[in-house]
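Engineer: 3D model of this:
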Amino acid sequence: MSAKEAQKIAYDRQLDLVKIAPQAKPPVCRIMDFGKYKYEMSKKEREARKNQKVVSIKEVRLSPTIEDHDLNVKKRNAEKFLNNGDKVKVSIRFRGRQLSHAEIGQEIMEKFARDLEGLAVIEKKPKLEGKNMIMIITPK
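Structural biologist: Sure, this is the predicted structure:
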């Protein structure tokens with residue numbers, strides 16, 4: 001039908017004439033309450049935003065000379081973060097001559113990851129970046 005006829009029908013029904021596909025030949029239009037449509041779309045968007053989970057990254061700092069008890073405390077903290085659904089960034093800072101023994105830090109990271117194996121997966125393997133070694137763990 002012509003645009004004028006469609007406009008008249010929309011006006012009589014107190015609705016809006018909305019172009020759905022303006023590039024089509026002829027253009028495709030729809031008679032609808034556009035204000036109600038926009039409101040429903042914003043409502044759906046708000047609902048979707050409310051249901052989404054924001055994943056944050058929590059950090060656990062270790063040192064190359066860490067003792068077993070301290071490592072267990074850090075491990076418990078990491079478990080708590082993983083159970084809450086957060087990613088965990090495990091970092092070791094090397095100071096002075098410790099940097100020449102980066103393999104010690106590598107072993108600590110691997111032990112830490114092995115102990116959390118049931119809860120987590122390694123997203124980013126331990127890697128030396130400057131004076132820091134970083135590993136990222138995500139919950140299963």
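Engineer: tell me the domain ranges of this protein?
Structural biologist: 3-51, 57-139 (automatic domain parsing).
Engineer: Just the residues contacting the helix or strand hosting K8, thanks.
Structural biologist: Per DSSP states H and E, K8 falls inside helix 3-12. For helix 3-12, the external contacting residues (CB atoms under 8 Å, 6 or more residues apart in numbering) are 16-17, 29, 31. Just so you know, the C-beta spots here come from the backbone N, C-alpha and C atoms, and that holds for glycine as well.
Engineer: Out of the domains of the chain, which is the most enclosed?
Structural biologist: domain 57-139 (a mean of 15; mean count of other CB atoms under 10 Å).
Engineer: For that one, measure first residue to last.
Structural biologist: Domain 57-139 has an end-to-end distance of 11 Å (CA to CA, to the nearest Å).
Engineer: Over to stretch 91-105?
Structural biologist: 9 Å.
Engineer: can you list the residues that contact that stretch?
Structural biologist: Counting by CB under 8 Å, 6+ apart, 59-65, 108-109, 126, 128, 131-135 sit against stretch 91-105.
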